[in-house]
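Novice: model the structure of this input:
(2 chains)
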There are 2 protein chains.
Amino acid sequence: MEFSETLAKRRMVRNYTDEPVTREQLERIAQAGARAPSAGNTRGQSFVVVTDSATRQAIAGLAGESHYVDLGFDPWISRAPAHIIIGVSEAAYHNRYQETDKLGPDGEIEWPVPYWWVDAGASLMAILLAAIDEGLAAGFLGVHAFDELEALVGMPEDVSAIGIVTIGHPAADRRSGSLNRPAPIGIHWERWHAQT
Amino acid sequence: MEFSETLAKRRMVRNYTDEPVTREQLERIAQAGARAPSAGNTRGQSFVVVTDSATRQAIAGLAGESHYVDLGFDPWISRAPAHIIIGVSEAAYHNRYQETDKLGPDGEIEWPVPYWWVDAGASLMAILLAAIDEGLAAGFLGVHAFDELEALVGMPEDVSAIGIVTIGHPAADRRSGSLNRPAPIGIHWERWHAQT
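Specialist: All right, here's what the predicted structure looks like:
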């Protein structure tokens, strides 16, 4: 699919059909996440691909899916045939920036921006677009209990999950009320508030 | 261009030819950044597109370009015909999650993940891929002095820059030594450390 088409189709889809997704599709989607950059090439991101029904049900439970179903949404988390949990290790970045080529005279750099979250977000975007490129649809959500989520899939202590990408064949869904907010993203020319 | 091709070509390019980029290209690239998701549709990301030569020189100065040139790299920051500075407002997220539909019984949610950085990273990835889709190349860098960078382009107090995307027509460049690190991104099936 054309890049511009994947971008134009990019939205959170919160319902899926029963049609399964293939292992090959999921591999390509996860590999797309691994094409994201990382500070100092730390590559601190990681992905856990879940298709097991019981694990997906448990994840839906941690996300409070039944509450959203009560509000009129579809059970889109448990219904999605695949989840990709995106994780990132802050410790990996500190280790990387204590290597010789990154160490300054005062030791490890100070981090004005926590690039581990930025890099995880770059992987998220690649995964969302790659799902669309496969003819599938994706959503994204956090949970109320990240510790339990990380334990559920056996993430090591130093890895933090940022959330779950749900993947499947799109079905008609109830749109988020957040989409009604008039909130343009600002694009400024030459400097802030310049005329566009 | 096919999505898969933009993804395969995704790498930091640290040198550019003198050929200019057009306003239309930069508009499409910045609009790609605005196609990234955001928590609660906060849309707290923002972009400042810089083509002015003096501003690009000043940005290169804040990034310590001359130091890298001394090390044998090209003056790729000042040479890039365009910069896109990516910013994000954490305050916008707090404001959003104090709106009625997001407020819980205990007030604003606690943030287990600072999604403003994640969302900025999603915009970064979209911008990097969109530059490739235009037949251009892109790099990304932070600076040592973010306060000065934000002041230089007039970013408001509540907006933090995460760095600068350099954009131009690719030229032969010296690759980062970081690329020699053997650091695969982990893709795990069903749970961490499962056989892939």
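Novice: just checking, what packs against the lengthiest strand in chain A?
Specialist: Longest strand in chain A by number of residues, with DSSP state E as the criterion: strand A:159-168. Packing partners of strand A:159-168 (3 or more C-beta pairs under 8 Å, 6 or more residues apart in numbering or on different chains; DSSP states H and E): helix A:76-79, strand A:82-89, helix A:115-133, strand A:137-141, helix A:146-152. The C-beta positions use only the backbone N, C-alpha and C, and glycine is treated the same way.
Novice: ok, which of those comes nearest chain B?
Specialist: Ranking the helices and strands packed on strand A:159-168 by proximity to chain B (C-beta to the nearest C-beta) places helix A:115-133 first, at 2.6 Å.
Novice: wait, does the closest one contact chain B?
Specialist: Yes - using C-beta under 8 Å from any C-beta of the partner chain, we find that helix A:115-133 touches chain B at A:115, A:117-126, A:128-130, A:132-133.
Novice: C-terminal to the one helix or strand residue A:30 maps to, what's the next element?
Specialist: Secondary structure from DSSP states H and E places residue A:30 in helix A:23-33. Using DSSP H and E, the helix or strand that follows helix A:23-33 in sequence is strand A:45-50.
Novice: so what touches that next one?
Specialist: For strand A:45-50, contacts defined as C-beta atoms under 8 Å, 6 or more residues apart in numbering or on different chains pick out A:26, A:30, A:33-34, A:36, A:38, A:56, A:59, A:82-89, A:119-120, A:123, A:127, A:153, A:155, A:159, B:185-192.
Novice: just stretch A:104-114 next, same as before
Specialist: Applying C-beta under 8 Å, 6+ apart, the contact partners of stretch A:104-114 are A:90, A:93-94, A:97-98, A:102, B:114, B:117, B:142, B:146, B:160, B:162-163.
Novice: nearest to residue A:43, of those residues?
Specialist: Nearest to residue A:43 out of the contacts of stretch A:104-114 is residue A:93 (C-beta to C-beta; 9.9 Å).
Novice: quick one, grab the pLDDT at that closest one.
Specialist: Residue A:93 carries a pLDDT value of 97.
Novice: SS state for it?
Specialist: Following DSSP: H, G, I helix; E, B strand; the rest coil, we place residue A:93 in the helix state.
Novice: residues near it, how many?
Specialist: 24 (other C-beta atoms under 10 Å in any protein chain shown).
Novice: how close does it get to residue A:42?
Specialist: Remark: distance between residue A:93 and residue A:42 (C-beta to C-beta, to the nearest Å) = 5 Å.
Novice: need the buried ones from the contacts of strand A:45-50 selected in ChimeraX.
Specialist: Buried residues among those (16 or more other C-beta atoms under 10 Å in any protein chain shown), as a ChimeraX selection:
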select /A:26,30,33,34,36,38,56,59,82,83,84,85,86,87,88,89,119,120,123,127,153,155,159 /B:185,186,187,188,189,191,192
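Novice: just the pLDDT for the residue nearest the centre of chain A.
Specialist: Chain A has residue A:124 as the residue nearest its centroid, 3.5 Å off, counting by C-alpha atoms, centre = their mean. pLDDT for residue A:124: 98.
Novice: equivalent analysis for residue A:196, please.
Specialist: Looking at residue A:196, its pLDDT is 44.
Novice: where does chain A dip in pLDDT?
Specialist: A:194-196 (pLDDT under 70).
Novice: at 80 instead, please
Specialist: Within chain A, the segments meeting pLDDT under 80 span A:182-183, A:193-196.
Novice: for the residue sitting furthest away from the middle of it, phi and psi?
Specialist: Within chain A, residue A:105 marks the point farthest from the mean C-alpha position, 36.0 Å out by C-alpha atoms, centre = their mean. Note on residue A:105: its backbone torsions stand at phi -60, psi -30 [degrees, to the nearest 10].
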